[in-house]
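Undergrad: predicted coordinates and the sequence they were generated for:
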Amino acid sequence: MDTFLAIASKRDQRQYADREIPEEVVRRILEAGRIAGSAGNKQPWRFLALEDPELLNRVAETVYTPGNISGCKLAVAIVVRGNRGFDGGRAAQNMMLAAWNDGVTSCPNGMPDASKAAEILGLGEDEHVLNVISFGYPARERNPEERPVEEWLSRAKRKPFDELVERR
């Protein structure tokens, strides 16, 4: 898939099909996070691939919308040390775009109490959960190539280009 088409057509999904994600796709998603750039190449993260239904349900209770996690086949907790949110965000976006390239949708999930998620996941004292991303095949099939990039851009519920971009 063309990278810009992937970016333009990617939408967060919260409803997933009851379909397993093949191991090679899971591996590509995690590799995409692993190879993300970071300040000083410090790679201040680790990724916890959550696939066990019982653990997914426990972690689901720590996010704003538990159904996003309890209905997925894979969730990845992005665990960072210190204040490295930007670096973790780069890894998260890589994973979500790599997933979409393979037809797997995703949704980042914010947490009202990240310390509860850290406790469930047994994190170290200097670690915290930046985000938990849910992954799964979409409940309703989606094909990014069914329309041109320009149409995906026009359908996006985003502020207009000229409102956000200022050239100086």
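TA: Here it is on my side, so go on. Numbering: from 1, shown residues only.
Undergrad: counting residues, which helix of the protein comes out longest?
TA: Across the chain, the helix with the greatest residue count (assigned by DSSP state H) is helix 85-101.
Undergrad: how about that helix: buried residues?
TA: 87-101 (16 or more other C-beta atoms under 10 Å). For glycine as for every other residue, the C-beta is placed from the backbone atoms N, C-alpha and C.
Undergrad: check stretch 151-163 too.
TA: residue 152.
Undergrad: now the end-to-end length of it.
TA: With C-alpha to C-alpha, to the nearest Å applied, stretch 151-163 spans 19 Å between its terminal residues.
Undergrad: now it: mean pLDDT?
TA: The average pLDDT for stretch 151-163 rounds to 88.
Undergrad: so how far is it off the chain centroid?
TA: 21 Å (C-alpha atoms, centre = their mean, to the nearest Å).
Undergrad: same question, stretch 16-34
TA: That offset, for stretch 16-34, works out to 11 Å (C-alpha atoms, centre = their mean).
Undergrad: is residue 47 in a bridge, and if so with what?
TA: residue 78 (DSSP bridges).
Undergrad: regarding residue 117, what is its secondary structure?
TA: Following DSSP: H, G, I helix; E, B strand; the rest coil, we place residue 117 in the helix state.
Undergrad: so the residue nearest to it when sequence neighbours are not counted is in which element?
TA: Excluding the flanking residues, the one nearest residue 117 by C-beta to C-beta, 6 or more residues apart in numbering is residue 62, at 4.0 Å. Taking DSSP states H and E as the criterion, no element holds residue 62; it sits outside all helices and strands.
Undergrad: separation between residue 62 and residue 159?
TA: Computed as C-beta to C-beta, to the nearest Å, the residue 62 to residue 159 distance reads 31 Å.
Undergrad: same check, this time on residue 11
TA: 16 Å.
Undergrad: returning to that earlier point: distance from the longest helix of the chain to the middle of the chain?
TA: From the chain centre to the centre of helix 85-101 is a distance of 6 Å (C-alpha atoms, centre = their mean).
Undergrad: other SSEs contacting that helix?
TA: Counting contacts by 3 or more C-beta pairs under 8 Å, 6 or more residues apart in numbering; DSSP states H and E, helix 85-101 packs against helix 3-9, helix 23-34, strand 45-50, strand 74-81, strand 105-109, strand 127-136.
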